[in-house]
Every structure is written in structure tokens, then in C-alpha cells.
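[1] Next comes the sequence, and after it the predicted model I'd like to discuss.
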Amino acid sequence: MARYTGPKSKIARRFNDPILGASKALAKKAYPPGQHGRGRRRKQSEYAVQLMAKQKAKYTYGVLERQFSNLFKKAARQSGITGENLLKLLEARLDNVVYRLGLAPTRRAARQLVSHRHITVNGTIVNIPSYTLKPGDVVAVKAKSQNAEVIVNSLASRSNQYSWLEWDETILAGKFVMNPDRSEIPENIEEQLIVELYSK
């Protein structure tokens, strides 16, 4: 299964944002990684800014290049604003919804829960993290996995609630009610720069 397995702190420092989870390195070293991270950086080109926006989105949602490119093509074919369509497709991924529901502390952990067959969609086990949910789909924890330590601990500290998701604590299940509006997605991603990059 293709995924990024490198150091999280390097990515956090590159984008100056803890996109892969809390990072102590970001507080200690608030400058980009690498030999010249502390030195002066010349003004970035337009292409560099657009590329950084795309890379940030990829790392945030845990998607590699080919998958991201395919998602963009799918978003471009849909009616509406391409950049917003792209973010909606990313938000509808099963691993992301498991994370948003509070079943896992990070998207990486959510991806692992899905691939290890702890999650069901509409009563059927789905072990594909990139599975795209449709409005009305119900995501639940498999009965045998409901006492798993990672799930119990994550739910104990669950705080965020999202308008496009419904959560039922009694049966450990959530409903993907609808695709979110751009204003509801909290990630700091400049999707218009991504559209400009792919339009070249």
C-alpha cells in the first residue's frame, strides 16, 4: 500500500504547519528543514508557490501523486468549481471520514484502522482507505473492534463536530450526511493555486 512513511517533523517544518499531527520540532525550529533552512530564501516563483500548495494538500490527506492527479481529473469533470470539488472528494475519502468522526487521532491512524478491517460502511467491512463515501453512507466500528484501545482513547478525547457528519455514540457509528461546503472545511489549503498548477 503506497503511502508516505518519512519523518513527520520535516513535513511540518517545510509547510510551517503540523499537518501530520502535533510536532515539537515545529516549535523548536520554526524554519524550513535542510542545510539552508535558516538562511535567506529568495522570493519563490509562481510555480513554486503553486507546487507547495499541491504538496501541502497531498501530505494533509495522505494521498500520493498519481491518486491526487486522478482525483483532480475527476473534480475537473464535475460541474461547479474545480478546486472546491477536489477538496470535497478528499473529504469524502473513508480514511478522512474515520478521522473526522474521531475514531482515530490522525489520518494515518485512520488509514490503518481501515486497512486492518476495523471499519464498516453500510454494514460491510471496507479495507480501502481511498473508498469514496456518498451522502447517506453509514461508517461504523466493527463489533469485535469496539473495545480497541486506539478507538476508545481517541473517542475519549473527541471534541470536533462537523455539520456534514452525524455521530451516534451508542452504536459507534457515523453518517456521511452530505459533501461539505468549502467554508466548512477547516484545512488551510489554497485550492485555486492547485487548479492553476494543473492548468499549465
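    Noted; the coordinates are in hand. Residues are numbered from 1 along each chain as shown.

[2] So in the chain, where's the weakest helix or strand by average pLDDT?
    Lowest by mean pLDDT, DSSP states H and E among the helices and strands of the chain is helix 24-28, with a mean of 52.

[3] Nearest the geometric middle of the protein, what residue?
    residue 61 (2.7 Å; C-alpha atoms, centre = their mean).

[4] how about the nearest residue to that one, chain neighbours excluded?
    In space, and not counting its chain neighbours, residue 61 is closest to residue 90: 4.7 Å by C-beta to C-beta, 6 or more residues apart in numbering. All C-beta spots, glycine's among them, are computed from the backbone N, C-alpha and C.

[5] Then residue 139?
    Nearest to residue 139 is residue 174, by C-beta to C-beta, 6+ apart, at 5.1 Å.

[6] Can you tell me the SS state at the one you found?
    Using DSSP: H, G, I helix; E, B strand; the rest coil, the structure places residue 174 in strand.

[7] Toward the C-terminus, what is the element adjacent to the lengthiest helix in the chain?
    Across the chain, the longest stretch assigned as helix under DSSP state H is helix 46-61. Next along the chain after helix 46-61, taking DSSP states H and E as the criterion, comes helix 65-77.

[8] between that following helix and helix 46-61, how big is the angle?
    100 degrees (axes from the mean of the first three to the mean of the last three C-alpha atoms, to 10 degrees).
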